[in-house]
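S.K.: heads up, no residue letters with this:
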């Protein structure tokens with residue numbers, strides 16, 4: 001796949017380098033991206049790597065679950081819900097180990113899948129729903145040059161070229177703020193919308 005471009009998602013050069021170099025770390029950062037700030041979520045894999053002495057799919061998947069949960073809870077915690085997220089990270093790694101021989105990039109490279117197939121594979125991952133899968137597909141296309149045929153359509157609104165909807169649109173501090181503003185406005189609109197029916 002060649003050298004992946006360096007991402008700028010966390011404000012921490014080393015955390016961003018891990019996300020850029022390791023597709024599993026990026027997949028894990030996306031998994032953690034719920035109910036906490038985006039940059040904190042995507043810094044999570046670096047915390048795990050520092051505490052485990054690397055970010056290895058088999059070591060994470062096979063780690064004692066209680067011990068791994070404690071490792072994720074150690075301050076600064078990997079997530080505000082370290083126990084449940086530790087289980088999800090282990091389930092994700094076990095799935096990648098079993099279905100893609102431990103190679104997370106196999107999700108978007110094995111058999112030269114088109115955008116719809118990559119989306120289907122992402123949605124099959126533990127902890128990935130439709131929205132998370134679409135955002136990750138947009139992240140692959142916009143930031144990493146992984147552009148299978150039909151990826152923008154499969155990613156939906158997240159695939160739009162000039163969008164500021166998700167982590168897929170973050171390239172620096174300025175775009176991070178723009179995405180944050182979009183999310184805040186969307187949340188406020190949702191809260192203020194009268195219930196249909």
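M.R.: Yep, that arrived. None of these values were measured; they are calculated from a predicted model. Numbering: from 1, shown residues only.
S.K.: could you list every residue that touches the nearest residue to residue 122 once chain neighbours are set aside?
M.R.: What sits nearest to residue 122 in space, not counting adjacent residues and going by C-beta to C-beta, 6 or more residues apart in numbering, is residue 133, at 3.7 Å. C-beta here means a position set from N, CA and C on the backbone, and glycine is covered the same way. The contact partners of residue 133, taken as C-beta atoms under 8 Å, 6 or more residues apart in numbering, are 119, 122-123, 125.
S.K.: what residue is smack in the middle of the chain?
M.R.: residue 30 (1.5 Å; C-alpha atoms, centre = their mean).
S.K.: can you tell me the helix or strand for it?
M.R.: helix 23-32 (DSSP states H and E).
S.K.: show me how far that helix is from its chain's centre.
M.R.: 4 Å (C-alpha atoms, centre = their mean, to the nearest Å).
S.K.: which residues does that helix contact?
M.R.: Counting by C-beta under 8 Å, 6+ apart, 4, 7, 9, 18-20, 41-46, 48-49, 55, 57, 78-79, 85, 88-89, 92-93, 96, 103-105, 107, 125, 127-128, 132, 135-136, 139, 167 sit against helix 23-32.
S.K.: what's the closest non-adjacent residue to residue 79?
M.R.: Distances taken as C-beta to C-beta, 6+ apart put residue 85 closest to residue 79, at 4.0 Å, once the chain neighbours are dropped.
S.K.: now the one you found, what's its secondary structure?
M.R.: Secondary structure, DSSP: H, G, I helix; E, B strand; the rest coil: residue 85 is helix.
S.K.: and it, what does it touch?
M.R.: Per C-beta under 8 Å, 6+ apart, neighbours of residue 85: 31-32, 72, 78-79.
S.K.: tell me which two in those residues are the farthest apart.
M.R.: 31 and 72 (12.1 Å; C-beta to C-beta).
S.K.: please identify every residue contacting each of these two.
M.R.: 85, 89.
S.K.: next SSE after the helix holding residue 30?
M.R.: helix 38-52.
S.K.: which residues are contacting that following helix?
M.R.: Outside helix 38-52, the residues touching it (C-beta under 8 Å, 6+ apart) are 9-12, 14-15, 18-19, 22, 24-26, 28-30, 32-34, 55, 59-60, 63, 71-72, 74, 76, 78-79, 89, 167, 170, 176, 179-180.
S.K.: go on, stretch 111-122?
M.R.: Taking C-beta under 8 Å, 6+ apart as the rule, stretch 111-122 contacts 107-108, 128, 132-134, 136-137, 140, 148-155.
S.K.: how distant is stretch 144-155 from the center of its chain?
M.R.: With C-alpha atoms, centre = their mean, you get 16 Å for stretch 144-155.
S.K.: repeat that for stretch 123-134.
M.R.: On C-alpha atoms, centre = their mean, the centre of stretch 123-134 falls 10 Å from that of its chain.
S.K.: thinking again about what came up before, report the buried members of the contacts of residue 133.
M.R.: By neighbour count, with 16 or more other C-beta atoms under 10 Å, these hold 119, 122-123, 125 as buried.
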